[in-house]
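sequence unavailable; structure follows:
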C-alpha cells in the first residue's frame, strides 16, 4: 500500500474487499468481510487518499465496475498480486472497453512477493486464543506500532462468529433484494454446521427453506462435509428439483413429497424451496424400531424406479466445464475410497471397488445422497430433501445401496429397506434384476465401511461390512433373487 501511494501516477487508492466470509479451518467459525474493512482502517489510520469498499459479490467484478464510473481522460490502475498478475485473468479483458472510451486503464502488479505472512497462519494463531496472541501479533505486517497490533488482535478475536450467523445476515439482505422474499423467523435447521440450511416463512405464511453458497471460492469441495458447499451444487439442486417437478406433472408417483423451487439467484447462489412436511422428523432423528414401515419402503422403491427410468434432461444438472459424468465419478469415488481406506488391507473391499470403477452400466438421474437425514417420515407420509448431489449420469444402485445400508445398520429399518428394494425390482425389467440387487448390496457394504452415518443405535458399520464381504457368493446370489436383509445378516 505504501508503494502504491508513493507512485506519482496514483492519486487515490480504492481497496476492494470480497464479500466472502473467511472460514477458520476445522471449525464452524468464520470472519466476516466487515472485519477485513475494520482491520484495514486500523492499518491506515487517517490516510485521506484511501477508501475501502466491500464488493456486493466478487471483488474483481466490483473493481471492473469502476470503468462505468470513470470519464474520458481518467486513469485506472487495477492492482493484482504478483502471482495473480503473472497467471493472468481473462476477466480483465473488459478494460479494452475502457480504452475505447478514452480511459487509460491497465493492470499492474503489486509487490506482494516480499510479504511472508499468510492468512492461514494468522487464522491458526487466532483460534488458539490467548496462547496464540503473541504469534498472531508477530505475524502482522512490519511497520505497525504495538498499539495497532494489539488493536488488530482484539478486533479479530471479537470478530470470530459462527458461519450460520454471518450467512443469516447475508440472507436477510439478499432474500428481499434478489428473491422478492421478506424472511421472517429465519433460523438454522441444524445449528453448528459449516454449510447451514435455514427455515423461514414469508409474508404470506409459506414455510420455506433457504440455502446459500455465495461465499464459496471454488468447486473443489463437492462432497466434503467439513467445508462450505460448492457454488454449483445449489444450481444442480435447482435443476434437479425442476426436473422432478416436470416428471410429477407427467406421471411420477406422488407418494413421495419433494421440495419445490420458489426462487434461485444465480449471482449470489441463493436457493429457496418449499419446506417438505414441515416439522416432520428425518430417519436420523427417529432412533429405534418402527421409524419407517414397509408401506413407506414400497412408496420409495416405486418412486425411485420411476425417477431412474425417466429420460434425463439433455443438458444435465452440472453443465459447463464440469459435467454430470465427472461429478458422478467423484461421488462414487468418494464413497469407494473412504470404504477402502477404512477397511485397510481388505482384498474383498478392494475388489468390490474395482468392479464398480470398471463397470459399464446404464445411466440416469440419481438423488446421490439418500442418507437418513434426507428421508422424512410422518404417519403415512414420506419426503425426500437435499438434491444437491443429484446427477444425470449415475448408477441407480448407488441410491438403492444407501437405503439398504440404513436397513443393514438399523434393525428397525429392515422391513422398510426390504420393501423399497422389492418394489424397485418389481417396477424394473425382469432381466437384470439380480444384478441391480447385487450392485445395490455392494454399494451398501461400501457405505457401511465408510461409516459416515451418525445414528445413535447404528451397528458398527465397518465390522458389519467385513461380515458381509465374507459371505459365500451362493448366499449373496440367493438373496439377490429374493431380498430379505434379516436372512442375509443372520441366515
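Good, I have the coordinates. What you are looking at is a predicted structure, and each value in this text was computed from that prediction instead of being measured.

model confidence for residue 429, exactly?
At residue 429, the pLDDT value in this model is 88.

roughly how far apart are it and residue 74?
In this view, residue 429 and residue 74 are 69 Å apart by Cβ to Cβ, to the nearest Å. Every C-beta, even on glycine, is put in place using the N, C-alpha and C of the backbone.

comparing these two, which shows the higher neighbour count?
More neighbours surround residue 74 than the other of residue 429 and residue 74, with 15 against 9 (other Cβ atoms under 10 Å).

residue 284 falls within a helix, correct?
Yes. Applying DSSP: H, G, I helix; E, B strand; the rest coil, one finds residue 284 inside a helix.

that one reaches residue 373, doesn't it?
Yes. Between residue 284 and residue 373 there is a contact at 4.3 Å, judged by Cβ atoms under 8 Å.

so what's residue 121 up against?
residue 139 (Cβ atoms under 8 Å, 6 or more residues apart in numbering).

show me what counts as buried in the helix or strand in which it is found.
Using DSSP states H and E, residue 121 maps to helix 119-127. By neighbour count on 16 or more other Cβ atoms under 10 Å, the buried set for helix 119-127 is 122-127.

go on, stretch 400-416?
Result for stretch 400-416 [16+ other Cβ under 10 Å]: buried residues 400-410, 412-416.

endpoints of it, how far apart?
Using Cα to Cα, to the nearest Å, the end-to-end distance of stretch 400-416 comes to 12 Å.

one step back: Throw the buried residues of helix 119-127 into CSV and include distance to residue 312, thanks.
Putting the buried residues of helix 119-127 into CSV (distance: Cβ to Cβ, whole Å) gives the following:
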residue, distance to residue 312
122, 46
123, 42
124, 44
125, 49
126, 46
127, 44
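
make CSV out of those residues and add pLDDT and distance to residue 270.
Compiled in CSV, these are given as follows (pLDDT from 0 to 100; distance: Cβ to Cβ, whole Å):
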residue, pLDDT, distance to residue 270
122, 90, 30
123, 89, 26
124, 91, 31
125, 93, 33
126, 93, 29
127, 92, 29
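
just the closest of these to residue 181, please.
residue 123 (33.4 Å; Cβ to Cβ).

list the contacts for that closest one?
Contacts of residue 123 (Cβ under 8 Å, 6+ apart): 22, 24-25, 31.

which regions of the stretch 301-450 of the chain sit below the pLDDT cut-off?
320-321, 361-362 (pLDDT under 70).

so where do the strands sit in it?
For the stretch 301-450 of the chain, strands defined by DSSP state E, counting those that start in this stretch occupy the ranges 364-366, 375-378, 381-384, 391-394.

of all those strands, which one comes closest to residue 149?
Of these, nearest to residue 149 by Cβ to Cβ is strand 391-394, at 49.4 Å.

check which helix or strand covers the residue nearest to residue 23 when sequence neighbours are not counted.
Leaving out its chain neighbours, the residue that sits closest to residue 23 by Cβ to Cβ, 6 or more residues apart in numbering is residue 30, at 4.9 Å. Secondary structure assigned from DSSP H and E places residue 30 in strand 29-31.

gap between the closest residue to residue 383 other than its chain neighbours and residue 236?
With sequence-adjacent residues excluded and distances taken as Cβ to Cβ, 6+ apart, residue 383 is closest to residue 376, at 3.7 Å. Distance, residue 376 to residue 236, by Cβ to Cβ: 21 Å.

give me the residue at the spatial middle of the protein.
In the chain, the centroid-proximal residue (Cα atoms, centre = their mean) is residue 229; its distance is 2.2 Å.

and it, what's its pLDDT?
pLDDT, residue 229: 76.

residue 214 is in contact with that one, correct?
No. Under the criterion of Cβ under 8 Å, residue 229 makes no contact with residue 214, lying 10.5 Å away.

overlap of the contact sets of those two?
Common neighbours of residue 229 and residue 214 (Cβ under 8 Å, 6+ apart) do not exist.

who touches the nearest residue to residue 266 once chain neighbours are set aside in this structure?
Nearest residue to residue 266, sequence neighbours excluded (Cβ to Cβ, 6+ apart): residue 235, at 6.9 Å. Contact analysis of residue 235 by Cβ under 8 Å, 6+ apart lists 264, 266, 269, 317.

equivalent analysis for residue 33, please.
Taking Cβ under 8 Å, 6+ apart as the test, what residue 33 contacts is 17-21, 54.

in the stretch 251-400 of the chain, which spans are helices?
294-309, 324-342, 347-358, 396-409 (DSSP state H, counting those that start in this stretch).

pretty sure residue 324 sits against residue 391.
Yes. Using Cβ under 8 Å, residue 324 makes contact with residue 391 at a distance of 4.5 Å.

look at the two and report which has more neighbours.
Neighbours per residue, other Cβ under 10 Å: of residue 324 and residue 391, the larger number sits with residue 391, 28 against 23.

if I look at that one, how far off is residue 309?
Applying Cβ to Cβ, the value for residue 391 to residue 309 is 16 Å.

likewise residue 481?
Distance from residue 481 to residue 309, by Cβ to Cβ: 21 Å.

go on, residue 85?
Counting by Cβ to Cβ, the gap from residue 85 to residue 309 is 52 Å.

give me the more crowded residue out of the two.
Ranked by neighbour count (other Cβ under 10 Å), residue 85 and residue 309 place residue 85 first, with 17 against 14.

residues in contact with that one?
By Cβ under 8 Å, 6+ apart, the residues touching residue 85 are 107-110.

quick one: which of the residues you listed sit in strands?
Judged by DSSP state E, the contacts of residue 85 include 107-110 as members of strands.

in the stretch 51-200 of the chain, where is pLDDT below threshold?
Ranges of the stretch 51-200 of the chain meeting pLDDT under 70: 112-117.

helices along that one, start to end?
Using DSSP H, counting those that start in this stretch, the helices of the stretch 51-200 of the chain run over 59-64, 66-69, 82-87, 95-100, 119-127, 133-139, 146-158, 163-179.

so which of those helices comes closest to residue 40?
Nearest to residue 40, of the helices of the stretch 51-200 of the chain and by Cβ to Cβ, is helix 146-158 at 10.1 Å.

flag every buried residue along that closest one.
148-149, 151-153, 156.

got JSON lines for those residues, with distance to residue 12 too?
Shown next, in JSON lines, are the buried residues of helix 146-158 (distance: Cβ to Cβ, whole Å):
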{"residue": "148", "distance to residue 12": "23"}
{"residue": "149", "distance to residue 12": "27"}
{"residue": "151", "distance to residue 12": "25"}
{"residue": "152", "distance to residue 12": "24"}
{"residue": "153", "distance to residue 12": "29"}
{"residue": "156", "distance to residue 12": "27"}
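
tell me the one of those residues nearest residue 462?
residue 156 (41.1 Å).

which non-adjacent residue is nearest the closest one?
Nearest non-adjacent residue to residue 156 (Cβ to Cβ, 6+ apart): residue 126, at 5.6 Å.

no more questions from me, cheers.
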